[in-house]
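A.B. asks: Okay, structure incoming, though there's no sequence with it:
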């Protein structure tokens, strides 16, 4: 936005950089151990720990060297803020509320086949990954889906109601274009409502 200060513009660019970070490099079990260990070294608990671990693993998939775990922590805080604002805006601006029953259906739809296949003697090696990370975090596989991965399925459940409204609001049909436009709407909302964060997060970048 033209009315933004230079600090706000930098903060917006930082948010975009953090949210878009990702890659397709495969994760190894050692990566999960390292991420959980680094979270423990910062004495992180609960949601903060989970978002740090997620951000740490995203760094690895993107092929980025992790020289500063404090920076990973700060980026994980931005990811948490983005995710919460994504949901808040869906409700406050578009009236979309999370249907807990639908959320459970979606989670179980993904979780049950995984648990069933895990009992098979011919278990795919890739299936071991969520079980391994769940164990590293101290979660059962159900807790892993309902706690660690909950935000993924919340977006899925909310998106079923939100995207038809956005399609009309934006006058767009392409799902990817709608997703990108809403992402920027969320980021603009964060910049507008969190002016005190602008200096805090651009300094470390």
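C.D. replies: Noted; the coordinates are in hand. Small disclaimer: the values here were computed from a predicted structure and weren't measured. Numbering: from 1, shown residues only.

A.B. asks: make it CA atoms for all contacts and neighbour counts henceforth
C.D. replies: OK.

A.B. asks: Helices of this structure, start to end?
C.D. replies: 6-20, 29-41, 46-61, 69-94, 100-118, 128-137, 141-143, 150-170, 175-193, 195-204 (DSSP state H).

A.B. asks: Make TSV out of the ones you listed and add mean neighbour count and mean pLDDT.
C.D. replies: Shown next, in TSV, are the helices of the chain (neighbours: other Cα atoms under 10 Å; pLDDT from 0 to 100):
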stretch	mean neighbour count	mean pLDDT
helix 6-20	17	92
helix 29-41	16	96
helix 46-61	21	97
helix 69-94	18	96
helix 100-118	14	91
helix 128-137	17	92
helix 141-143	16	96
helix 150-170	16	97
helix 175-193	16	95
helix 195-204	14	54
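
A.B. asks: Check whether residue 99 really touches residue 155, as I assumed.
C.D. replies: No - using Cα atoms under 8 Å, residue 99 is not in contact with residue 155; the gap is 11.1 Å.

A.B. asks: gap between stretch 50-66 and the chain center?
C.D. replies: Relative to its parent chain, stretch 50-66 has a centroid offset of 11 Å by Cα atoms, centre = their mean, to the nearest Å.

A.B. asks: what do you get for stretch 156-172?
C.D. replies: That offset, for stretch 156-172, works out to 19 Å (Cα atoms, centre = their mean).

A.B. asks: outside of it, which residues touch it?
C.D. replies: With contact meaning Cα atoms under 8 Å, 6 or more residues apart in numbering, stretch 156-172 is reached by 87, 90, 94, 96-99, 102-103, 106, 173, 175, 178, 182.

A.B. asks: Nearest to residue 113, out of those residues: which one, please.
C.D. replies: Lowest distance from residue 113 to the contacts of stretch 156-172 (Cα to Cα) belongs to residue 106, with 12.0 Å.

A.B. asks: and the closest residue to the closest one other than its chain neighbours, how far is that from residue 147?
C.D. replies: Of all residues not flanking residue 106 in the chain, residue 153 sits nearest, at 6.7 Å (Cα to Cα, 6 or more residues apart in numbering). Distance, residue 153 to residue 147, by Cα to Cα, to the nearest Å: 10 Å.

A.B. asks: returning to what we had before: need the residues touching each of residue 99 and residue 155.
C.D. replies: With Cα under 8 Å, 6+ apart, residue 99 and residue 155 have no common neighbours.

A.B. asks: tell me the contacts of residue 96?
C.D. replies: 90, 158, 161, 162.

A.B. asks: circling back to that earlier point, can I get the contacts of stretch 156-172 in JSON lines including distance to residue 32?
C.D. replies: JSON lines is the format used below for the contacts of stretch 156-172 (distance: Cα to Cα, whole Å):
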{"residue": "87", "distance to residue 32": "28"}
{"residue": "90", "distance to residue 32": "32"}
{"residue": "94", "distance to residue 32": "37"}
{"residue": "96", "distance to residue 32": "35"}
{"residue": "97", "distance to residue 32": "33"}
{"residue": "98", "distance to residue 32": "30"}
{"residue": "99", "distance to residue 32": "31"}
{"residue": "102", "distance to residue 32": "30"}
{"residue": "103", "distance to residue 32": "26"}
{"residue": "106", "distance to residue 32": "25"}
{"residue": "173", "distance to residue 32": "38"}
{"residue": "175", "distance to residue 32": "32"}
{"residue": "178", "distance to residue 32": "33"}
{"residue": "182", "distance to residue 32": "31"}
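
A.B. asks: If anything else comes up later, I'll come back, but that's it for now.
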